[in-house]
Every structure is written in structure tokens, then in C-alpha cells.
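Chemist: okay, sequence plus prediction incoming.
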Amino acid sequence: MSNRWRNAAKAFRQTGRSAAEAFRQTGRSAAEAFRQTGRNAAEAFRRTAGNVAQTFRRTRLTSAVALTAAFLMAAAAVVPGQTGYKAPRAPDGRANLNGIWQANNSAHWDIEAHSAAPGPVSALGAAYAVPGGPGVVDGEIPYKPEALAKKKENFANRLTLDPEIKCYLPGVPRATYMPYPFQIIQSQKHVMLVHEFAGAVRTIYMTDHVEAPADSWMGWSNGRWEGDTLVVDTRGFNDRSWFDRAGNFHSDALHVVERFTPRSADTLTYEVTIEDPNVFTRPWKMSMPLYRRVERNAQLAEFRCVEFAEEVIYGHLKKPGSE
């Protein structure tokens with residue numbers, strides 16, 4: 001090979017090495033630039049995210065404070081149990097609760113939560129079976145231990161001990177959620193609650209408040225208005241009525257406070273506070289809606305159940321062999 005070709009080959013190799021080195025240097029510079037750009041972008045993203053998070057926290061705190069303030073203002077302006085519904089007015093300007101009302105639940109079987117179960121008379125099969133229900137009591141009934149034992153005894157012997165079976169007056173609040181309607185008749189001085197079952201009647205005294213002159217099945221009721229809510233304070237009970245068919249009971253120290261609040265044209269909210277230091281460890285509550293009977297010519301029917309219970313009450317007095 002001539003010197004000219006050897007010199008040309010050498011120059012070509014030198015040029016290739018220079019080009020490769022330049023390429024490697026350019027690649028390292030580009031990679032470093034890319035990494036620096038990535039670091040800058042990540043730092044910018046972190047700063048932006050931090051600012052957004054801080055802004056979100058401030059906005060959320062401001063919104064929470066505003067929402068809490070609005071809630072407290074609304075709560076301060078509303079009587080407990082009342083809704084935004086404005087009921088029609090009676091002649092005296094009070095909420096008009098007149099009408100025929102009825103509960104639609106299984107509380108007359110058991111005011112506490114319960115599952116469906118066989119009825120106490122097996123011969124009746126499903127016709128007298130107990131429907132399940134979520135209950136109307138807030139939590140559990142706070143029985144004293146000895147009182148809970150008596151409640152269980154009542155349930156075991158309900159066919160002979162339940163006062164409903166003998167057509168005794170149902171007591172309060174049981175009369176309100178039995179499977180029979182009742183009528184509210186309202187005036188300025190008195191509110192009457194007339195029940196279909198056993199013809200039970202309650203008089204609520206709105207002005208002349210006195211203590212119960214004697215103990216009775218339905219107690220002695222004094223009433224007042226809190227906004228559109230009728231509040232009924234009842235004492236003076238005997239100890240013979242139950243709260244339901246499950247044996248829940250009370251003593252003659254029972255004190256009942258009821259609240260009837262209109263929630264729509266055809267519904268009331270019914271809230272009850274029960275207090276009886278002889279049976280319960282603390283006061284407890286129940287609540288439920290009541291529904292207006294809106295069918296044509298709605299009225300209370302006669303349910304004179306004494307004649308249906310004569311055999312249960314007086315059957316043991318029959319002479320042997322008599323019809």
C-alpha cells in the first residue's frame with residue numbers, strides 16, 4: 001500500500017474516533033440536561049402540588065366553619081322535632097291537628113327491634129304470627145335486672161297476663177300505636193284523644209294544669225304548645241298496663257312526655273320520653289310517624305271488646321254444666 005493510502009486510512013480512523021468521542025460527549029451532556037430538566041420539573045410540580053393542597057385545606061376549613069355556623073343558626077331557630085312544614089291553623093292560631101290518625105308499624109307486637117316469630121296460639125298458624133320490625137325505641141330499653149326478669153316472665157305468660165286480651169284500657173303510649181285509629185279533637189282549653197280500642201278517651205288539659213287526682217289506666221294529661229308541637233305531660237298511672245304484646249311494662253311511677261308535631265298535611269311525628277325509676281335505670285325514648293286516615297268518610301268504628309273477652313274474664317265463674 002502506498003504512503004498516500006496509509007495516510008488516508010489513518011486520517012479516516014482519527015476522524016472516526018473524534019466523531020465517536022464527540023457523540024459520547026454530546027450524549028452525556030444531553031442526558032445531564034435531561035436529568036436537570038426532570039429535577040426542575042419535579043421540584044416545580046412539588047411546589048405546585050403543595051400550593052394546591054394548602055389552598056384546598058384553607059378552602060375546606062373555611063367551608064366547614066361556614067357550614068357549622070349555618071347549622072348552629074338553623075338548630076337554634078328550630079324547636080326540637082319540628083320540620084319546615086307549616087301546618088294549617090286552628091281558630092286559636094295553633095297548628096290544626098284535628099283528624100283521625102293511625103300508626104303503621106309492628107310496635108304493638110314489640111316496641112323493640114324483633115324478627116318475625118310464631119304467634120302465641122299455634123292453632124291460628126300464620127293468622128296470628130308476629131311480623132318482624134325495626135322497633136321504635138332509640139337503642140335498648142334500660143331495664144333494671146329484676147325488671148328485665150319480670151318482662152321475660154310477662155312474655156312467657158302473655159296469653160293470661162296481657163291486659164289487651166281482657167279489653168282493659170291500653171294505657172299511654174300504647175293506645176297510640178295499637179292497630180286501631182284514634183281521633184284528635186282540638187280546642188283552645190282541651191285536646192281530646194278518642195281511641196277506637198275499648199272506647200278509650202284521653203282529655204289533655206291545656207290551661208288548668210293540676211296533678212292527677214287518682215291513679216288510672218290512661219293517667220292524667222296536661223298539655224302545652226311549643227311552636228307547632230303539642231307537648232303532653234302525663235302522670236298518675238296505675239301499674240297494670242303494658243307497652244306492647246311482648247311484655248314490656250312499667251310501674252305506677254311512670255312519667256310520659258309525648259310530642260305531636262305536624263310533618264306534612266297527612267303525617268305527624270310522634271315522639272315519646274319514658275321515665276320510671278322503679279323499672280328503668282334512666283329515661284328512654286321512642287318515635288314513629290302517624291298517618292292521617294284519608295279515605296272517604298273516615299271515622300272511628302265501635303270496638304266494644306268487653307263482650308269479646310267475657311269468656312276470658314268470667315269463664316271461670318261459670319257453674320259446671322252451664323252454657
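Modeler: Ah, there it is.

Chemist: low-confidence ranges, the stretch 51-200 of the chain, go.
Modeler: 51-83 (pLDDT under 70).

Chemist: the helices in it, which residues?
Modeler: 145-156, 158-161, 174-177 (DSSP state H, counting those that start in this stretch).

Chemist: got CSV for the ones you listed, with distance to residue 168 and mean neighbour count too?
Modeler: C-beta coordinates here come from the backbone N, C-alpha and C atoms, glycine included. Below are these laid out as CSV (distance: least, Cβ to Cβ, whole Å; neighbours: other Cβ atoms under 10 Å):
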stretch, distance to residue 168, mean neighbour count
helix 145-156, 14, 14
helix 158-161, 11, 12
helix 174-177, 11, 23
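
Chemist: ok, which of these comes nearest residue 96?
Modeler: helix 174-177 (18.8 Å; Cβ to Cβ).

Chemist: my read is that residue 229 contacts residue 261, right?
Modeler: Yes. Between residue 229 and residue 261 there is a contact under Cβ atoms under 8 Å: 4.4 Å.

Chemist: and these two? Which one has more around it.
Modeler: Ranked by neighbour count (other Cβ atoms under 10 Å), residue 229 and residue 261 place residue 261 first, with 25 against 21.

Chemist: now do the helices in the stretch 201-323 of the chain.
Modeler: Using DSSP H, counting those that start in this stretch, helices in the stretch 201-323 of the chain cover 310-314.

Chemist: so where's the stretch 201-323 of the chain uncertain?
Modeler: The model of the stretch 201-323 of the chain has pLDDT under 70 over residues 318-319, 321-323.

Chemist: hmm, back to that, to residue 93, which of the helices of the stretch 51-200 of the chain lies closest?
Modeler: Residue 93 sits nearest to helix 174-177 of all the helices of the stretch 51-200 of the chain, at 25.5 Å, using Cβ to Cβ.

Chemist: can you name the residues in contact with the closest one?
Modeler: Helix 174-177 is touched from outside by 103, 105, 107-108, 111, 136, 169, 182, 193, 195, 197, 200, 202, 218, 241-244, 258, 270, 288, 290, with contacts defined as Cβ atoms under 8 Å, 6 or more residues apart in numbering.

Chemist: quick one: it to chain centroid distance?
Modeler: Centroid separation for helix 174-177 versus its chain: 17 Å, with Cα atoms, centre = their mean, to the nearest Å.

Chemist: put the alpha carbons of that helix into PDB.
Modeler: Only the C-alpha atoms of helix 174-177 are listed here, as PDB (Å, rounded to 0.1, in the frame of the first residue of the first chain):
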ATOM      1  CA  ARG A 174     -99.600   2.000  73.900                       C
ATOM      2  CA  ALA A 175    -103.000   3.400  72.900                       C
ATOM      3  CA  THR A 176    -101.300   5.500  70.200                       C
ATOM      4  CA  TYR A 177     -99.700   2.700  68.200                       C
END
